[in-house]
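Participant: sequence and predicted structure, then a few things I'm wondering about:
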Amino acid sequence: MENNITKDLLAIEAVQLNADNYFTWTSGLKSPIYCDNRLTMSYPAVRKKIIHAFAEMVNKSAVQPEVIAGCATAGIPHAAWLAEELDLPMVYVRSKPKGHGKENQIEGVSVQGKKVLVIEDLISTGGSSIQSAAALEQDGADITAIYSIFSYGLPRAEKAFEEAGYTHQSITGFDQLLELLIEENKLTEKEKETVLAWRSEL
């Protein structure tokens, strides 16, 4: 499943690699890999595979969620589709509280005392998903885990999740992508060394 989804992400150009001209992330970090999982929304066959993979991860989990929470904005559609698949309530978490109305940061039913699974499209440094999980926890949620479609597997992200005390899991990520590119002869040895060196420095 993860291999198929990795192939799909490459095929629809949700994941791109350029070892010569680095991409700039929102955080300001420069990277030879850019992942835009928003593109998966436009491909029904791909998004169905993603939801199936998430559902399998939930079924194998020791603790079953009672609510699915989507991180704004790219995690929201996948959280909604997964909640539909599992027949569970769904909420979403803004990056910060609204500046008007009820000034909610979390939209949907109360998460007080509920086991909540957080859905994110992508984990780079881990900051946004940890922030969302913390907001839910502040509202009384018990976070079961944070799931994402793709993870860069950066050491700083691993450290951040460990310090925050959250479990996280991704369908696919950096290592699977690299393995596939090498397998399909789409990556030169020099590019492989460049990309591996980039991640080890972070």
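Facilitator: In hand now; what should we look at?
Participant: help me confirm that residue 150 is found in a helix?
Facilitator: No. Residue 150 is assigned strand when assessed by DSSP: H, G, I helix; E, B strand; the rest coil, not a helix.
Participant: burial check on it, number of neighbours?
Facilitator: Number of residues near residue 150 (other CB atoms under 10 Å) recorded here: 28. Every C-beta, even on glycine, is put in place using the N, C-alpha and C of the backbone.
Participant: numbering from 699 from now on, please.
Facilitator: Noted, 699 is the first residue going forward, which turns the last one into residue 848.
Participant: contact partners for it?
Facilitator: Residue 848 makes contacts with 707, 713, 733, 735, 819-821, 868-871, as judged by CB atoms under 8 Å, 6 or more residues apart in numbering.
Participant: redo the residues you listed as TSV? Include secondary structure and neighbour count.
Facilitator: Listed next are those as TSV, based on DSSP: H, G, I helix; E, B strand; the rest coil; neighbours: other CB atoms under 10 Å:
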residue	secondary structure	neighbour count
707	helix	27
713	strand	25
733	strand	26
735	helix	23
819	strand	26
820	strand	23
821	strand	28
868	strand	21
869	strand	22
870	strand	25
871	strand	20
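Participant: okay if I get those as a markdown table plus distance to residue 811 and pLDDT?
Facilitator: Compiled in a markdown table, the contacts of residue 848 are given as follows (distance: CB to CB, whole Å; pLDDT from 0 to 100):
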| residue | distance to residue 811 | pLDDT |
| --- | --- | --- |
| 707 | 36 | 96 |
| 713 | 38 | 93 |
| 733 | 35 | 94 |
| 735 | 31 | 95 |
| 819 | 27 | 96 |
| 820 | 29 | 95 |
| 821 | 27 | 95 |
| 868 | 28 | 97 |
| 869 | 29 | 97 |
| 870 | 33 | 96 |
| 871 | 32 | 94 |
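Participant: nice, that's everything, thank you.
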